[in-house]
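# what's the 3D shape of this:
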Amino acid sequence: MPENMEKVREPYQVFLFGYHRIGYKIFKELQKTMNSIVIVDYNPRVILTLSKHKINCIYGDIGDKGFIDEMDFSKAKLVISTIPDEESNLILRDKLKEINKGAVFIATSENPRGALDLYKEGVDYVIVPHHLGGDYAAHLIRKFHTEKKKYGEEGKKHLKELNNAKRNSSF
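Residues are numbered from 1 along each chain as shown. All right, here's what the predicted structure looks like:
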């Protein structure tokens, strides 16, 4: 039995699949309001780094049906997949339908066509990173118009965040 199997069976309230790309930002927000969170990632370096920071994490592959079958979603309130693989997200969706229909499921797709397929299959919300990035840029334009100083201030905050992410990342 793998060393982390007991953690796999623990009934967390929030499951975050994938940390590296957008998961770390989502995790920062989840930490503000939720307590029972676990991150599942396929990258051993990510898991090692998270473990060093005493963050609940499990090494595993969302696309491995056997691995997903070992997970305890019975107490899950929110399941988020930042993995843009449609087949993997459907495996996870099927497991949630079987175990816990009340859990919110947020998946990720790289393109609108894939997002439409996931919605058709019953996913509650689909993150499409390029669309969300465009929405945020449009929000900044509405908010700042042509005020160079305000973009500069926002850019400084973003630069600081990027540098922190780089400094705190070993992956």
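# output the longest helix belonging to the chain.
The residue-count maximum for a helix in the chain (DSSP state H) belongs to helix 148-167.
# same for the helix or strand containing residue 50, what does it pack against?
According to DSSP states H and E, residue 50 maps onto helix 44-52. Under the contact criterion of 3 or more Cβ pairs under 8 Å, 6 or more residues apart in numbering; DSSP states H and E, the helices and strands touching helix 44-52 comprise strand 37-41, strand 57-59. All C-beta spots, glycine's among them, are computed from the backbone N, C-alpha and C.
# list the buried residues in that helix.
Counting neighbours by 16 or more other Cβ atoms under 10 Å, one finds that the buried residues in helix 44-52 are 46-47, 49-50.
# go on, stretch 12-26?
Neighbour-count burial for stretch 12-26, counted by 16+ other Cβ under 10 Å, picks out 12-19, 22-24, 26.
# mind listing residues that contact it?
The contact list for stretch 12-26 (Cβ atoms under 8 Å, 6 or more residues apart in numbering) reads 27, 30, 34-41, 43, 46, 50, 56-57, 62, 71-73, 75-83, 92, 108, 127, 129, 165, 171.
# check contacts around residue 110.
Residues 84, 128-130 are the ones in contact with residue 110 under the rule Cβ under 8 Å, 6+ apart.
# pLDDT weak spots in the chain?
Segments of the chain classed as low confidence (criterion: pLDDT under 70) are 1-9, 168-171.
# now do the domain split for it, please.
Annotated domains of the chain cover 5-127, 130-171 [automatic domain parsing].
# return the most buried member of those domains.
Burial among the domains of the chain, expressed as mean neighbours by mean count of other Cβ atoms under 10 Å, is greatest for domain 5-127, which shows a mean of 17.
# now do it: distance to the chain's middle.
What separates the centre of domain 5-127 from the centre of its chain is 6 Å, taken as Cα atoms, centre = their mean, to the nearest Å.
# nearest residue to residue 112 in space, please, no chain neighbours.
Counting by Cβ to Cβ, 6 or more residues apart in numbering, residue 128 is the residue found nearest to residue 112 once chain neighbours are left out, at 6.2 Å.
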